[in-house]
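Chemist: Predicted model follows, preceded by the sequence.
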Amino acid sequence: MKEISTWAVGKQYLQGHSKGILLYCIFAGVFALVFYLYHLPVEAVLYAVLLCVVLVLPVLTVDFHRHYQRYRVLRDLQKQITFSLEGLPEPKGLLEQEYQELIAAVYRDKIGLVSQADNERSDLVDYYTLWAHQIKTPIAAMGLLLQSSPSAEDDRSTAQSMEHNSELAMELFKIEQYVEMVLQYLRLESPSSDFVLKRYSLDVLVRQAVHKYAKMFIRRKISLDFSELNCDVLTDEKWLLFVIEQILSNALKYTREGKISIYMERGSAKTLVIADTGIGIAGEDLPRVFEKGFTGYNGRRHKKSTGIGLYLCKRILTKLSHTIVIEAESGKGTKVKLGLDTVDMVME
């Protein structure tokens with residue numbers, strides 16, 4: 001909020017009283033003209049004008065001081081007007097009273113609209129949360145059906161049907177991941193996000209994520225170069241695991257061949273690096289990869305990006321007091337660095 005100087009307030013005050021000042025000057029001029037036409041001493045008029053100025057100046061000074069105080073109150077009120085109308089100065093006249101009643105009416109209408117929007121959003125979040133939980137049941141059932149299908153050793157099975165089942169299982173896994181992303185998005189947007197900070201072994205968290213995507217590693221014939229991390233971090237297990245899984249998912253999605261490396265950065269005790277040999281990221285897209293809904297060149301070309309994954313990662317890591325940096329070059333792979341240091345936090 002830009003502060004206005006006292007000089008600017010005074011200028012506005014004089015402009016507001018310009019009609020009265022103009023009338024005063026006109027009346028003084030009329031008196032002077034009449035005295036002049038009747039050949040009376042003009043000094044008497046000048047003396048009267050000067051005397052009036054001397055008497056009016058203290059009154060104007062006090063009135064300007066009150067005007068300036070009201071201005072300060074209104075400026076301060078702008079900082080809390082979103083929450084309450086308390087503190088509005090007493091109206092000086094009927095016009096100001098009508099203005100304040102108009103402001104109060106607009107404020108009540110705004111509060112009503114905000115409350116209605118909050119209720120509608122809450123209902124929408126409840127619906128999608130319920131949907132995401134319910135859709136997990138048929139997904140799990142389909143997974144069990146695929147697992148219980150005849151094996152390759154069964155004479156009734158063919159290599160073609162096994163390949164088909166494998167494809168179905170992979171697509172089902174992707175659907176499950178998208179549903180999980182919806183749930184995490186809804187939870188993160190909720191004001192009561194359940195963060196539980198404890199010390200965890202980073203090796204254990206990363207191994208969980210790798211194990212979850214093991215079949216995708218095998219199917220896409222991507223090798224994994226995993227170095228022992230030997231690092232404990234103060235974090236939330238569920239949310240950090242989601243971030244690592246998202247980064248692994250992106251690495252597998254955009255890596256046709258080669259490997260994915262996971263290691264701790266040299267010279268930095270708590271910076272986890274996940275690097276791949278995939279298609280990389282265009283230089284002009286790098287500054288915007290964390291924007292909500294941004295898919296970039298790769299997303300438009302391969303039609304695989306939702307523009308939500310990295311946005312969620314950034315928000316989650318910020319809430320956990322962690323950082324994320326992406327280094328990439330088109331056609332030469334991507335390197336994601338997670339800074340897992342934490343600022344001082346109060347742990348319950």
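Modeler: Yes, it's here. Numbers count the residues shown, from 1 in each chain.

Chemist: average pLDDT across the one helix or strand residue 45 maps to?
Modeler: Under the criterion of DSSP states H and E, residue 45 resides in helix 42-77. Taken as a whole, helix 42-77 has a mean pLDDT of 79.

Chemist: helices and strands around it, which ones?
Modeler: Based on contacts counted as 3 or more C-beta pairs under 8 Å, 6 or more residues apart in numbering; DSSP states H and E, the elements that helix 42-77 packs against are helix 6-16, helix 18-37. (Glycine included, C-beta is placed from N, CA and C.)

Chemist: what comes into contact with the first one?
Modeler: In this case it means helix 6-16. With contact meaning C-beta atoms under 8 Å, 6 or more residues apart in numbering, helix 6-16 is reached by 21, 64, 67, 68, 71.

Chemist: could I get those as a markdown table with neighbour count and distance to residue 97?
Modeler: Below are the contacts of helix 6-16 laid out as a markdown table (neighbours: other C-beta atoms under 10 Å; distance: C-beta to C-beta, whole Å):
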| residue | neighbour count | distance to residue 97 |
| --- | --- | --- |
| 21 | 13 | 26 |
| 64 | 16 | 22 |
| 67 | 18 | 17 |
| 68 | 14 | 21 |
| 71 | 16 | 18 |
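
Chemist: Turn those into a markdown table, columns for distance to residue 226.
Modeler: Rendered in a markdown table, the data for the contacts of helix 6-16 read as follows (distance: C-beta to C-beta, whole Å):
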| residue | distance to residue 226 |
| --- | --- |
| 21 | 82 |
| 64 | 74 |
| 67 | 71 |
| 68 | 68 |
| 71 | 65 |
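
Chemist: Can you tell me the SS state at residue 337?
Modeler: Using DSSP: H, G, I helix; E, B strand; the rest coil, the three-state assignment for residue 337 comes out as strand.

Chemist: do the same with residue 257
Modeler: Under three-state DSSP, the three-state class of residue 257 is coil.

Chemist: List the residues that contact it.
Modeler: Residue 257 makes contact with 221, 222, 277, according to C-beta under 8 Å, 6+ apart.

Chemist: Next up, the contacts around residue 217.
Modeler: Residues counted as contacts of residue 217 (C-beta under 8 Å, 6+ apart) are 210, 223, 224, 252, 260.

Chemist: Of the residues you listed, just say which sits nearest to residue 322.
Modeler: Sorting the contacts of residue 217 by distance to residue 322 puts residue 210 at the head of the list, at 19.5 Å, by C-beta to C-beta.

Chemist: give me the element the closest residue to residue 252 other than its chain neighbours is part of.
Modeler: Nearest non-adjacent residue to residue 252, counting by C-beta to C-beta, 6 or more residues apart in numbering: residue 216, 5.2 Å away. Assessed by DSSP H and E, residue 216 sits inside helix 214-220.

Chemist: Pull out the buried positions in that helix.
Modeler: When neighbours are counted by 16 or more other C-beta atoms under 10 Å, the buried residues of helix 214-220 are found to be 216, 217.

Chemist: Centroid-wise, who is the farthest residue in this protein?
Modeler: Taking C-alpha atoms, centre = their mean as the measure, the residue most remote from the mean C-alpha position of the chain is residue 39, 78.2 Å away.

Chemist: and it, what pLDDT?
Modeler: Each residue has a pLDDT score; the one for residue 39 is 78.

Chemist: Can you tell me the SS state at it?
Modeler: Per three-state DSSP, the secondary structure class of residue 39 is coil.

Chemist: Quick check: it vs residue 50, distance?
Modeler: 22 Å (C-beta to C-beta, to the nearest Å).

Chemist: With residue 135 instead?
Modeler: When C-beta to C-beta is the yardstick, residue 135 and residue 50 sit 88 Å from each other.

Chemist: How about residue 56?
Modeler: Distance of residue 56 to residue 50, given as C-beta to C-beta: 11 Å.

Chemist: Same check on residue 18?
Modeler: 21 Å.

Chemist: what does residue 253 give?
Modeler: 86 Å.

Chemist: Repeat that for residue 129.
Modeler: Computed as C-beta to C-beta, the residue 129 to residue 50 distance reads 79 Å.

Chemist: Neighbour count for these two, which is higher?
Modeler: Neighbours per residue, other C-beta atoms under 10 Å: of residue 129 and residue 50, the larger number sits with residue 129, 15 against 10.

Chemist: Same list, the helices and strands packed on helix 42-77, but as CSV with distance to residue 281 please.
Modeler: Listed next are the helices and strands packed on helix 42-77 as CSV, based on distance: least, C-beta to C-beta, whole Å:
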stretch, distance to residue 281
helix 6-16, 49
helix 18-37, 61
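
Chemist: So which of these is nearest residue 291?
Modeler: For residue 291, the closest of the helices and strands packed on helix 42-77 is helix 6-16, at 38.8 Å, according to C-beta to C-beta.

Chemist: Identify each buried residue in the closest one, please.
Modeler: Of the residues in helix 6-16, residue 13 count as buried by neighbour count, 16+ other C-beta under 10 Å.
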